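1. the following comprises the amino acid sequence and a computationally predicted model.
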Amino acid sequence: VDATFLGDEEHDGRMCETWAKPGAVALDVWSQGKDDGRACQYRERFNFTGKPIWHYLNFSSWVAGAIDETAFALPSACKDAPSAVPGPLRLTASFVSLWFF
C-alpha cells in the first residue's frame with residue numbers, strides 16, 4: 001500500500017516488478033516476478049552514518065508448500081534454559097517462525 005513503482009529489473013534471469021516504500025528505519029525495496037508474483041529480491045537502505053548502507057536478500061530458489069516445523073525446533077539445551085524475558089512472555093519457536101513470512 002502506498003508504495004512507489006520503480007520499474008522492471010532483472011534478477012537471476014527473471015523479469016521482476018520493483019516497488020519501494022519508506023519503512024520504520026529504512027527504505028524497503030521489493031521485487032516480484034512479473035509473470036508469477038514470486039519473490040525476486042528484497043533490499044533495504046539505511047542511512048545511520050550519513051552514508052547509505054544497503055542490505056540485499058535474493059530469492060533465486062525456494063519451494064512453495066508447508067513449512068517443516070523442525071526447522072524452528074530449539075536445541076534441547078535451550079528448552080530448559082530460564083527465560084531472559086520477565087513475566088509471562090517467552091520467545092518460542094512458533095513465535096520466531098512468524099517473523100519469516
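-> Yep, it's here. Bear in mind the structure is a predicted one, so any value in this text is a computation, not a measurement.

2. which sections of this protein are below the confidence cut-off?
-> Along the chain, segments meeting pLDDT under 70 span 1, 79-101.

3. again, only using 90
-> 1-2, 12, 24, 37-38, 47-50, 59-101 (pLDDT under 90).

4. any idea how far His11 is from Gln32?
-> Distance, Gln32 to His11, using CB to CB, to the nearest Å: 10 Å. Using the backbone N, CA and C atoms, a C-beta is placed for each residue, glycine as well.

5. before we move on, what about Glu44?
-> Noted for Glu44: a distance of 16 Å to His11, by CB to CB.

6. now do the shared contacts for Gln32 and His11.
-> Cys40 (CB atoms under 8 Å, 6 or more residues apart in numbering).

7. for this protein, which segments count as strands?
-> 4-11, 14-22, 27-33, 39-46, 53-58 (DSSP state E).

8. now stretch 31-49: buried residues?
-> Buried positions in stretch 31-49, judged by neighbour count with 16 or more other CB atoms under 10 Å: 31-32, 39-41, 43-44.

9. enumerate every residue touching Phe59.
-> Taking CB under 8 Å, 6+ apart as the test, what Phe59 contacts is 38-42.

10. could you rerun that using 10 Å?
-> Phe59 is in contact with 11-12, 14, 16, 31-33, 38-42, counting by CB atoms under 10 Å, 6 or more residues apart in numbering.
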